[in-house]
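Chemist: Next input, structure requested:
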Amino acid sequence: MPKELNFPMEEFLSIGFTHHRIILSKVKDKDARLFYIRRCYDEKFNVESLSKAIGRDDYHHQGSLPNNFLQTLPASEQAFRAISTFKDEYLLDYINVEEIGIRDREDIDEKVVENVIVHNIKNFILTFGKDFTFVRNQYHLDAFGEDQFIDILFFNRALNCLVAVELKKGKFKTSYLGQLSGYLSILDEFEKKPHENPSIGIILCKDMNKAFVDFVIRDYSKPMGVATYKTSADMSEELKKALPDIEELKKMLENEDK
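Modeler: Sure thing, here's the model as predicted:
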């Protein structure tokens, strides 16, 4: 009975028929369906955004990234909001190694990924969430005569804080946390406005051992999380089939506009 009382009736009635058709046809679990209904309403998803969210399996990736938010953010409400904001894995399906002239995925370095992300910054923000605002890439930190650069800096309106994203080519290393913690200290001391919350850092790497990251991240005093990312080269055939076909999306969008 309590679950029925939580049925998002306003959200259900506010989104289009095509959205409901996609959710019903592609999502079998009831809680997952309710999740996507709420996402459509909260983030004003069009048909393409909804189909991509389902293809990425956003429901199962929500709020599960290794992090220390509960220990490091001053308000528990802020911590839980941060936990629900970030996913444990991001699908950067627009990064195509063939299109950028790289034959071997092992040759992709952080700079290549960063440049493609900046070129597709709208898609990246949609992947992260509607409340993210892009500040700039290679954000220059000049403190104590030391020049340092954050790969990508965002501001999140819902969290009311700066979000520093560091891109890493390979598997997670503990040294990444130390580097990011230093960036956050400088952001909070020299960049953060008085009314803003403490800055948050996210490491995006290709692979990680979640249990290990959960263990080592708890000893850091700055709020950080670690997530993985996949490019088009890493996608399995099953995942590629789950993502909507471009022609199918065009037809859906045409029907939605009628």
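Chemist: Could you use CA atoms for every contact and neighbour count after this?
Modeler: OK.
Chemist: in stretch 206-225, what counts as buried?
Modeler: Residues 206-208, 210, 213-214, 217-218, 222-225 are the ones in stretch 206-225 that count as buried (16 or more other C-alpha atoms under 10 Å).
Chemist: what does stretch 128-136 give?
Modeler: In terms of neighbour count (16+ other C-alpha under 10 Å), stretch 128-136 has its buried residues at 130-134.
Chemist: what about the strands in the stretch 101-250 of the chain?
Modeler: Counting by DSSP state E, counting those that start in this stretch, one finds strands in the stretch 101-250 of the chain at the ranges 132-143, 146-156, 161-167, 200-205, 224-231.
Chemist: Looking at these, spot the one closest to residue 193.
Modeler: Proximity to residue 193 (C-alpha to C-alpha) singles out strand 161-167 among the strands of the stretch 101-250 of the chain, at 9.0 Å.
Chemist: I'd like to know which elements that closest one is packed against.
Modeler: When contacts are defined as 3 or more C-alpha pairs under 8 Å, 6 or more residues apart in numbering; DSSP states H and E, strand 161-167 packs onto helix 110-119, strand 146-156, strand 200-205.
Chemist: can I get those in JSON lines with mean neighbour count, mean pLDDT and distance to residue 94?
Modeler: Shown next, in JSON lines, are those (neighbours: other C-alpha atoms under 10 Å; pLDDT from 0 to 100; distance: least, C-alpha to C-alpha, whole Å):
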{"stretch": "helix 110-119", "mean neighbour count": "16", "mean pLDDT": "81", "distance to residue 94": "8"}
{"stretch": "strand 146-156", "mean neighbour count": "16", "mean pLDDT": "94", "distance to residue 94": "17"}
{"stretch": "strand 200-205", "mean neighbour count": "23", "mean pLDDT": "96", "distance to residue 94": "16"}
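Chemist: Tell me which of those sits nearest to residue 36.
Modeler: Smallest distance to residue 36 across the helices and strands packed on strand 161-167 (C-alpha to C-alpha): 21.3 Å, for strand 146-156.
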